[in-house]
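Colleague: Predicted model follows, preceded by the sequence.
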Amino acid sequence: MKAIRAQGAGGQNVNKVATAIQLRFDIAASPSLSEALRKRLLASGDQRISAEGVLVIKSQESRSQERNRQAALRRLVDLLRGADRQQKPRIPTKPGRKAKARRLDTKSRRGELKKSRQKIRDD
């Protein structure tokens, strides 16, 4: 964790005090992460993860450095917990008989409507 100056409005406090927190977490070299979780995090495509596998979280919501530190840690924990949950695989289903009939009925009605709009030709 590193204290940096926050961006945006805030008067003299912004220019003098480094209240924002930049948390850097090396996913690729972390011994506390399982291999599966590490792979999932690196493959997630999150823009906060660099090419070297370092996650950078910046927190500057509060004027207090301690609250920003807690917010950054909370975000890191949320990200790790979210990546730890595996999504259930989707089981593809087929449309039922009624759904197929309804679709074909709608198609034929639409076709009839378009046919009724055409000019009548003499052959």
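Modeller: It's in.
Colleague: C-alpha from now on. contacts and neighbour counts both.
Modeller: Noted.
Colleague: buried residues in the helix or strand where Leu42 lies?
Modeller: Assigned by DSSP states H and E, Leu42 falls within helix 35-43. Residues of helix 35-43 classed as buried: Leu37, Arg38, Leu41, Leu42 (neighbour count, 16 or more other C-alpha atoms under 10 Å).
Colleague: can you list the weak-confidence ranges in the protein?
Modeller: 8-15, 123 (pLDDT under 70).
Colleague: now the helices for it?
Modeller: Here the chain has its helices, by DSSP state H, at 12-16, 35-43, 65-84, 97-117.
Colleague: With distance to Glu52 as added columns, please give the ones you listed in a markdown table.
Modeller: As requested, the helices of the chain are exported to a markdown table (distance: least, C-alpha to C-alpha, whole Å):
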| stretch | distance to Glu52 |
| --- | --- |
| helix 12-16 | 31 |
| helix 35-43 | 10 |
| helix 65-84 | 18 |
| helix 97-117 | 50 |
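Colleague: Select, out of those, the one closest to Asp26.
Modeller: helix 35-43 (10.2 Å; C-alpha to C-alpha).
Colleague: Could you pull up the contacting residues of Arg48?
Modeller: Leu55, Val56, Ile57 (C-alpha atoms under 8 Å, 6 or more residues apart in numbering).
Colleague: Look up how far Arg63 lies from the second one.
Modeller: Counting by C-alpha to C-alpha, to the nearest Å, the gap from Val56 to Arg63 is 20 Å.
Colleague: now do the last one
Modeller: When distance is defined by C-alpha to C-alpha, Ile57 is 17 Å away from Arg63.
Colleague: thinking again about what came up before, so which residues make contact with the helix holding Leu42?
Modeller: By C-alpha under 8 Å, 6+ apart, helix 35-43 touches Ile27, Ala28, Ile49, Gly53, Leu80, Ala83, Asp84.
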